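Undergrad: let me see the structure of the following:
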Amino acid sequence: MKTVLFYAREAGVASMIAALEEPFLDAGFRLFYDVAGDAADILRGGAPWKVSDLNVAICGYDDPILDRTGDFLSKIAGLMPTLGLLDSWKGVDRFWYSDGRLRQLTDRLIVPDEGVRNYLLARGVPFDWPVVAGHPGLECMRGFSTGKRKLMRKEARSVLGLSEYVPVLLVLSEPFRLPDGNRLSLLDARVVNGESVKDWLDDIYANDYRIALRLHPLEHYKVPFGWIDAGNVGFDLALAAADRVIGLGSTTLAYAVAYGLDVQCLDNQVVGWVPEFSDIPTELWDGLISLGIFQNDPNRLDSHLPNLDLNDSSHRILAEVERLVISP
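TA: Here you go, the predicted structure:
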């Protein structure tokens, strides 16, 4: 039997791995896990693993300051093929240390689109390292049946204490990383009329929607009075409860688009914001907007990430794993 080890410490890559579990099981793989941190809220743990049990290891890349990924890759270096997963357009510079040195690389890296691949190549990674294979998490979210969506919405509304018929606006906040090293919550940023984003949202939407808030794990912000804390459910249920979604550079916006929700990006509303505040290079941002990654009008026929190739992304990753196992 073929075996794979999934290594994850962060929620984003854990969500991507969760979408890979069933395809890998269907392909005859036995799954092993090395999971901790935020990833443990999404992926189950597994039996202890030994290097001798494994054919291939699949991992995400964490913050280079922590570099737990580097420790893991050093531990298994030369013992099995390795495949990295880039779960987002955020943090694509995570493969370099602050002094410009390249981190230890997996044998291949799965990236969601050509824009990311070209960006990484321009920064000097090996030509055959980044492989475009779409995003299985987004593919899975886009593919939910009508029946599953209804069940998820009912469960989410029940957990959040909401009537099925109350319109819900989901705000996906995030901490900006400012040039001076400090962080600023999106909710404290200013819009063009001088209000904070939080006050602006209250003024514009509070009369017509119940506002639910989902904070980033690194964000410290008290849920405003009258708002709903949507951090108590998984992001899939938070999206299922929503009728409309607002945010800026959060990767969960892409999941909201894939899910087919009405999604508004505040890039033209927040004063002074640049993509780097959201850990996205300016070189990538315009392409992401044109792809419809962070905004969506569900009434348009070309909604739901029309310009991003998500078809069979799980199977494209499986094919890459098979190639690595045969000829790493």
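
Undergrad: now the strands for the stretch 101-250 of the chain?
TA: 108-111, 130-132, 168-172, 175-177, 183-185, 210-214, 228-229, 244-247 (DSSP state E, counting those that start in this stretch).

Undergrad: tell me which of those strands lies nearest to residue 139.
TA: Across these, residue 139 has its closest neighbour in strand 108-111 (12.7 Å, CB to CB). (C-beta placed from N, C-alpha, C; glycine too.)

Undergrad: what does that closest one rub up against?
TA: By CB atoms under 8 Å, 6 or more residues apart in numbering, the surrounding residues in contact with strand 108-111 are 82-86, 117, 120, 125, 128-133, 317, 320, 324.

Undergrad: let's see it as PDB, backbone CA atoms only.
TA: Extracted in PDB, the C-alpha atoms of strand 108-111 (Å, rounded to 0.1, in the frame of the first residue of the first chain):
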ATOM      1  CA  ARG A 108       8.100  20.300  -5.800                       C
ATOM      2  CA  LEU A 109       5.700  23.000  -4.700                       C
ATOM      3  CA  ILE A 110       2.000  23.100  -5.600                       C
ATOM      4  CA  VAL A 111       0.800  26.600  -6.500                       C
END
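
Undergrad: do you know the pLDDT at the nearest residue to residue 196 once chain neighbours are set aside?
TA: Leaving out its chain neighbours, the residue that sits closest to residue 196 by CB to CB, 6 or more residues apart in numbering is residue 188, at 5.7 Å. On pLDDT, residue 188 comes in at 96.

Undergrad: and for the one 10 residues further on?
TA: Here, the pLDDT recorded for residue 198 equals 97.

Undergrad: same deal with residue 40?
TA: So, for residue 40, pLDDT stands at 89.

Undergrad: which SS class is it?
TA: helix (DSSP: H, G, I helix; E, B strand; the rest coil).

Undergrad: who's in contact with it?
TA: Here residue 40 is in contact with no residue (CB under 8 Å, 6+ apart).

Undergrad: how does it look with 10 Å?
TA: 8, 9, 11, 14, 33 (CB atoms under 10 Å, 6 or more residues apart in numbering).

Undergrad: can you show me the CA trace of stretch 186-197 as PDB?
TA: The C-alpha trace of stretch 186-197 is given here as PDB (Å, rounded to 0.1, in the frame of the first residue of the first chain):
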ATOM      1  CA  LEU A 186      -8.700  46.100   9.200                       C
ATOM      2  CA  LEU A 187     -11.600  47.300  11.500                       C
ATOM      3  CA  ASP A 188      -9.400  50.100  12.900                       C
ATOM      4  CA  ALA A 189      -8.300  51.300   9.400                       C
ATOM      5  CA  ARG A 190     -10.000  54.400   7.900                       C
ATOM      6  CA  VAL A 191     -12.200  54.600   4.900                       C
ATOM      7  CA  VAL A 192     -12.500  57.500   2.500                       C
ATOM      8  CA  ASN A 193     -15.000  59.500   4.700                       C
ATOM      9  CA  GLY A 194     -12.700  59.300   7.700                       C
ATOM     10  CA  GLU A 195     -14.600  56.700   9.700                       C
ATOM     11  CA  SER A 196     -13.100  53.500  10.900                       C
ATOM     12  CA  VAL A 197     -14.000  50.400   8.900                       C
END
